[in-house]
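>>> compute the structure for the input listed below.
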Amino acid sequence: MLEVESPLGIPDNFTLVIKPENSKHTCRVIWRTAKKIGVQFI
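Purely as a prediction, here's the structure:
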C-alpha cells in the first residue's frame with residue numbers, strides 16, 4: 001500500500017523508484033482509495 005496525495009493520474013502499471021538506493025520495482029495497481037493505492041510488485 002502506498003499513500004498518495006491523489007490516485008488520479010497514476011497509471012494501472014508503473015515503475016516505483018525508491019531513493020536513496022535507487023531501486024526500481026514494476027508495480028500494478030490492485031485497488032485505489034482517495035489517499036492510498038494498493039500495489040502488486042510484478
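>>> bridged to S23, which residues?
S23 has these beta-bridge partners by DSSP bridges: I18.
>>> same check on G38?
On the basis of DSSP bridges, G38 is bridged to W31.
>>> mind exporting the helix or strand hosting C27 as PDB, just the C-alpha atoms?
Per DSSP states H and E, C27 falls inside strand 23-32. Taking Å, rounded to 0.1, in the frame of the first residue of the first chain, the C-alpha atoms of strand 23-32 are listed here in PDB:
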ATOM      1  CA  SER A  23      15.900   0.600  -6.500                       C
ATOM      2  CA  LYS A  24      13.200   0.200  -9.200                       C
ATOM      3  CA  HIS A  25      10.100  -2.000  -8.900                       C
ATOM      4  CA  THR A  26       7.500  -2.600 -11.500                       C
ATOM      5  CA  CYS A  27       4.000  -2.300  -9.900                       C
ATOM      6  CA  ARG A  28       0.400  -3.000 -10.800                       C
ATOM      7  CA  VAL A  29      -2.400  -1.100  -9.000                       C
ATOM      8  CA  ILE A  30      -4.800  -3.500  -7.400                       C
ATOM      9  CA  TRP A  31      -7.100  -1.000  -5.600                       C
ATOM     10  CA  ARG A  32      -7.500   2.700  -5.100                       C
END
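>>> tell me the mean pLDDT for that strand?
For strand 23-32, mean pLDDT rounds to 97.
>>> how about the closest residue to C27 other than its chain neighbours, what does it touch?
Residue nearest to C27 in three dimensions, not counting chain neighbours: V39, with 4.2 Å by C-beta to C-beta, 6 or more residues apart in numbering. Where C-beta positions appear, they are placed from N, C-alpha and C, glycine not excepted. With contact taken as C-beta atoms under 8 Å, 6 or more residues apart in numbering, V39 is in contact with 1-2, 16, 27-30.
>>> let's have these in a markdown table, adding neighbour count and distance to I10.
Shown next, in a markdown table, are the contacts of V39 (neighbours: other C-beta atoms under 10 Å; distance: C-beta to C-beta, whole Å):
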| residue | neighbour count | distance to I10 |
| --- | --- | --- |
| M1 | 10 | 13 |
| L2 | 13 | 9 |
| L16 | 12 | 10 |
| C27 | 19 | 10 |
| R28 | 13 | 11 |
| V29 | 16 | 7 |
| I30 | 11 | 12 |
